[in-house]
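>>> this one's sequence-less:
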Ligand code: MG
Ligand code: MG
């Protein structure tokens, strides 16, 4: 059996994905602002869903293999795929909010981490390192030749950063995105001996490192969705959807296309022609 085929998008298709990305960015703004002490995770889902609805976009999470909400809310030792519900956020919680949007059949996928109220400095650092690791991966998508260059850049940055050692999850990875949320190729967040497919115009990738303050072993709870760290250590996820086109790259889910975070890394993103 061969590898699943990569879907190469036209510029027009990527511009529609950009529309989905901008709606998604606004919906995440609303969900992140709602992540305050005393809020329930289902409140975040409600404000997120409202932004999609007002924009005429639909959710790619709701109903995905039966998933019951428009976002995943993963708190503290929960890594990914947490289900919004009656859980009440408390001061110092670290929550990853992962959401998606569809416009005219084209998908966007993005995640951010918020520390509720007063942050433990070690959690603040976990989130900052994970976010910067994502940007290093995105810069590698602009400069590199192969998909494997993304994981190499993330791994090199995380392992080289001074201070408490952070683990890079291997059980969950990034992915291609387009007319479906999850497409080929897999985008690993760590260094392997494989360079992977060539980075080419028309590729759109969701780059989403997940880091933990302890061991990288994970387990799935009885709800069959929520992924936790086995040792209970805190975890974090950041994600953007990125388009590679003939003039450069453009971060579909960042309002500025990624300019403010990529220019310090020597990459100038370019709008899709
Ligand atoms: Mg996601
Ligand atoms: Mg994703």
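That came through fine. No experiment lies behind these values; they were computed from the predicted model shown. Ligands and ions are numbered 1, 2, ... in the order given.

>>> Could you tell me the end-to-end distance of stretch 191-205?
In stretch 191-205, first residue to last residue: 17 Å (C-alpha to C-alpha, to the nearest Å).

>>> Skipping adjacent residues, who's closest to residue 208 in space?
residue 239 (3.4 Å; C-beta to C-beta, 6 or more residues apart in numbering). From N, CA and C alone the C-beta is placed, and that goes for glycine too.

>>> Tell me how far the most centrally placed residue in the chain lies from residue 5.
Note on the chain: the residue nearest the mean C-alpha position is residue 239, at 1.9 Å, using C-alpha atoms, centre = their mean. The gap separating residue 239 from residue 5 is 23 Å, by C-beta to C-beta, to the nearest Å.

>>> Ok, residue 59 next?
From residue 59 to residue 5 the distance is 26 Å (C-beta to C-beta).

>>> Who has more neighbours out of these two?
More crowded of residue 59 and residue 5, by other C-beta atoms under 10 Å: residue 59, with 22 against 10.

>>> okay, whatever residue of the stretch 151-273 of the chain ends up closest to ligand 2: pLDDT?
Closest approach of the stretch 151-273 of the chain to ligand 2 (C-beta to the ion) occurs at residue 206, with a separation of 4.0 Å. At residue 206, the pLDDT value in this model is 98.

>>> which residues are contacting whichever helix or strand residue 262 is part of?
If you go by DSSP states H and E, residue 262 is part of helix 259-262. If you take C-beta atoms under 8 Å, 6 or more residues apart in numbering as the criterion, helix 259-262 is touched by 135, 138-139, 142, 251, 254, 268-269.

>>> Could you turn the buried ones of these into a ChimeraX selection?
Here is the ChimeraX command that selects the buried residues among the contacts of helix 259-262 (16 or more other C-beta atoms under 10 Å):
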select :135,138,139,142,251,254,269
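
>>> Now render the contacts of helix 259-262 as TSV, adding distance to residue 9, secondary structure and pLDDT.
Formatted as TSV, the contacts of helix 259-262 follow (distance: C-beta to C-beta, whole Å; DSSP: H, G, I helix; E, B strand; the rest coil; pLDDT from 0 to 100):
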residue	distance to residue 9	secondary structure	pLDDT
135	22	helix	98
138	17	helix	98
139	21	helix	98
142	17	helix	98
251	15	strand	98
254	18	coil	98
268	21	coil	98
269	17	coil	98
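
>>> Pull up the residues of this protein that are close to ligand 2.
The chain has residues 109, 206, 208 near ligand 2, with proximity defined as C-beta under 5 Å from the ion.
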